[in-house]
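Colleague: Sequence and predicted structure are below.
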Amino acid sequence: MEATKLAIHDALSNLRQSDFELFKWHLSNGGAQHKSIPVGKLENANRHNVADLMVQQYDLSNAGRIAVSVLHKMNQNDLANTLQGELPKVPEDVSAGGGASSGAAAATVSTAGVTVTISSANGGTVKAPVLHGGVFNGPVNFS
């Protein structure tokens, strides 16, 4: 499970049921601040489902930020601050920041033109970024 999703789930687990329902209401009535999640998807969703839906709707980088924002709107400031403190520690955003590796491996990342070079030798393993839902111009090489 992605660390961002787990951090959101942990925060939601600290809400009483009535507060959790209010959190879902805020997600379905996002207005201009974020794209709303349809109320039908949230109606019977439990805490696991809401964390999953948030990551699907907003992606990993925005889901945590939106959860913090909603918690602040609900005056759950301690919980929002705790969640916000957990988010920078999350190492799973490999696609945004590089690669995680073990063994004999190397990773090079740049963001301006988005260049990612990852290599592994002598049985090392590399967790590489995932190409997902985008338009890719130029060479994309896998070997």
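Modeller: That came through fine.
Colleague: For T108, report the pLDDT, please.
Modeller: For T108, the pLDDT comes out at 51.
Colleague: and if you look at S18?
Modeller: Per-residue pLDDT puts S18 at 96.
Colleague: Identify, by residue count, the longest helix of this protein.
Modeller: helix 47-73 (DSSP state H).
Colleague: Would you mark the buried spots in that one?
Modeller: 47, 50-55, 57-58, 60, 62-64, 66-71 (16 or more other CB atoms under 10 Å). Heads up, the C-betas are built off the backbone N, CA and C, glycines and all.
Colleague: List of residues touching the next helix or strand after it?
Modeller: Sequence order places helix 77-86 as the next helix or strand after helix 47-73, per DSSP states H and E. Contact with helix 77-86 is made by A7, I8, D10, A11, N14, L15, G64, A67, V68, S69, L71, H72, as judged by CB atoms under 8 Å, 6 or more residues apart in numbering.
Colleague: can you map out the helices along this structure?
Modeller: Ranges of helices in the chain, per DSSP H, are 3-13, 17-28, 39-42, 47-73, 77-86, 94-97.
Colleague: Now the fifth one: average pLDDT?
Modeller: This points to helix 77-86. Helix 77-86 shows a mean pLDDT of 92.
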